[in-house]
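Trainee: just coords:
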């Protein structure tokens, strides 16, 4: 079942060869890059979980893509991303449930075109009001990140749900 | 329900403006700061989960404050912190349960007064002897950290429980 | 019950004294070391969870040891490690279950012999096909790492299961 998960889990048109064919970065450069991206993700998830959907959407490029395996169409662009996050927020508020997004096990690979391929696991922890927390979702994600001044923007996010593999 | 969680989730008298009004740090400085604080938290949680309550309390300032939303009074000072952690340890031992504290999604913001505002999520994983682990608690925490030589001390920790929001 | 977990949780023949008796590293060196090791662990777990058992085993030394508390014998050497990981993979595929390994709360301590003692928590998240994720295992691990060019290899891993403490 899970044998197909490995190397194919990359945004379309991509592969591990191109991920490592860019100019060699020193280990220090690469670790510093990972540290910056890890911090970026913390703030991105705070925006989502604090119910600031427009700020969350602003961490994507204007034409950013958010694709979840098993959904017919990806969400494209900041307006659609904002609306999607706001819809989830409203549903959670109606249900009396709090979501927290945990990202972990991050690897980063700079590519020859200047973008960065980031791969990480993501959990959604759901806590009902006055109830016990539970694991709502376990996923594996791949981002294509582009530089934005000293920060980053997500150009494309591919999410694989563990329950659909 | 969760719409109020965002910007108000800060220690009293504080706000995001002051958090970013200090002298600008380069990205590298800020990421290095975050790396050091992340390491500090790992050792702090090891002390707690290994049942070394006095060592855990020593990661707070002498007059350090630990406040959990929903509790009438915060715990103040190392002696009280040590006693509180020891009491939890004794109860867990009596119940035959192991707790592990996971911190993640850390953001750090240096402030103009030299302190650092750290914000992170924290999970408590509970495992009964011979049983399956479960999520005991999901929280969002805000620390005010002060420098202590090459390390850090917590001056104030505010914990928001997701089930009480 | 849990009072014995603390300082004794180290690979045999080791103790915290030797862990800190090496030449003093600057804080920056130590944090940079931790960042590199954290990245190494992300890739190591990707190899395991993506079902690349030989690549996972290659992150250990030729004679690498993987010991889980409560098992009669540790697994020794890359061939045995590969076989053990492949056996788990086959069982999971037969059961229709996906495993993800999350590592966190990492501390690193360089030792005078040039090796590094890394301590971390590890969770196994299990997701059945079309089902909800759950916590399969909560553990605390201690690794002895040896340098390998710009990377690392695990010479010995000791895993303590929280349910067996």
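Mentor: Sure thing, it's come through. Model, not experiment: these values are computed from the prediction.

Trainee: For the residue located most distally from the centre of chain A, which non-adjacent residue is spatially closest?
Mentor: Distance to the chain centre peaks in chain A at residue A:130, reaching 29.0 Å (criterion: C-alpha atoms, centre = their mean). Beyond its immediate neighbours in the sequence, the residue positioned closest to residue A:130 (C-beta to C-beta, 6 or more residues apart in numbering or on different chains) is residue B:163, lying 5.7 Å away. The C-beta positions use only the backbone N, C-alpha and C, and glycine is treated the same way.

Trainee: I'd say the one you found and residue A:126 touch.
Mentor: No: between residue B:163 and residue A:126 no contact is recorded; they are 10.8 Å apart, counting by C-beta atoms under 8 Å.

Trainee: Now do the shared contacts for those two.
Mentor: Applying C-beta atoms under 8 Å, 6 or more residues apart in numbering or on different chains, one finds that residue B:163 and residue A:126 are jointly contacted by A:98, A:133.

Trainee: now chain A, which segments are flagged as low pLDDT?
Mentor: Chain A contains residues with pLDDT under 70 at A:1-29.

Trainee: now the strands: where do they sit in it?
Mentor: Chain-ordered strands for chain A, with DSSP state E as the definition, fall at A:60-68, A:75-76, A:97-110, A:116-128, A:134-148, A:151-161.

Trainee: what residues are up against residue A:37?
Mentor: Taking C-beta under 8 Å, 6+ apart, we find residue A:37 in contact with A:106, A:108, A:116, A:118, A:145, A:152.

Trainee: Just the closest of those to residue C:77, please.
Mentor: Nearest to residue C:77 among the contacts of residue A:37: residue A:106, at 29.8 Å, using C-beta to C-beta.

Trainee: how deep is the closest one tucked in, by neighbour count?
Mentor: The number of residues packed near residue A:106 is 20, by other C-beta atoms under 10 Å in any protein chain shown.

Trainee: Could you find the closest non-adjacent residue to it?
Mentor: If you skip the residues right next to it in sequence, residue A:106 has residue A:120 as its closest partner in space, 4.3 Å away by C-beta to C-beta, 6+ apart.

Trainee: The one you found reaches residue A:40, doesn't it?
Mentor: No: assessed by C-beta under 8 Å, residue A:120 is found out of contact with residue A:40, at 11.6 Å.

Trainee: The strands of chain A: which one's closest to residue C:79?
Mentor: Nearest to residue C:79 among the strands of chain A is strand A:97-110 (26.0 Å), distances taken as C-beta to C-beta.

Trainee: So which bits of chain A are right by chain B?
Mentor: For chain A, the residues in contact with chain B (C-beta under 8 Å from any C-beta of the partner chain) are A:32, A:35-36, A:39, A:41-43, A:45-46, A:49-52, A:89, A:92-93, A:96, A:98, A:100-104, A:125, A:127-135, A:150.

Trainee: Try it again at 6 Å.
Mentor: With the criterion set to C-beta under 6 Å from any C-beta of the partner chain, chain A comes near chain B through A:35-36, A:39, A:42-43, A:45, A:50-52, A:93, A:96, A:98, A:100, A:102, A:125, A:127, A:130-131, A:133, A:150.

Trainee: Now, the residues you listed that are in helices?
Mentor: Taking DSSP state H as the definition of helices, the residues of chain A next to chain B contribute A:35, A:36, A:39, A:42, A:43, A:45, A:93.

Trainee: Nearest to chain C among those residues?
Mentor: Comparing these against chain C with C-beta to the nearest C-beta picks out residue A:35 as the nearest, at 5.9 Å.

Trainee: The closest one contacts residue B:31, correct?
Mentor: Yes: assessed by C-beta atoms under 6 Å, residue A:35 is found in contact with residue B:31 at 4.3 Å.

Trainee: Is there proximity between stretch A:95-104 and chain C?
Mentor: Yes: between stretch A:95-104 and chain C, judged by C-beta under 6 Å from any C-beta, the touching residues are residue A:104.

Trainee: ok, and what's touching that stretch?
Mentor: For stretch A:95-104, the external contacting residues (C-beta atoms under 6 Å, 6 or more residues apart in numbering or on different chains) are A:41, A:45, A:48-49, A:92, A:120-129, B:1-2, B:104, B:121, B:138, B:162, B:165, C:102.

Trainee: Can you list the buried residues in it?
Mentor: For stretch A:95-104, the neighbour count (16 or more other C-beta atoms under 10 Å in any protein chain shown) marks A:97, A:98, A:99, A:100, A:101, A:102, A:103, A:104 as buried.

Trainee: in the sheet, who's paired with the nearest residue to residue A:33 once chain neighbours are set aside?
Mentor: Of all residues beyond its chain neighbours, the one nearest residue A:33 is residue A:108 (5.7 Å), with distances taken as C-beta to C-beta, 6+ apart. For residue A:108, the beta-bridge assignment (DSSP bridges) gives partners residue A:118.

Trainee: My read is that residue A:108 contacts residue A:120, right?
Mentor: No: with contacts defined as C-beta under 6 Å, residue A:108 does not count as touching residue A:120, sitting 9.1 Å away.

Trainee: if we can go back for a sec, for the buried residues of stretch A:95-104, work out which two are farthest apart.
Mentor: Checking the buried residues of stretch A:95-104 against each other with C-beta to C-beta, the farthest-apart pair comes out as A:97 and A:104, at 21.9 Å.
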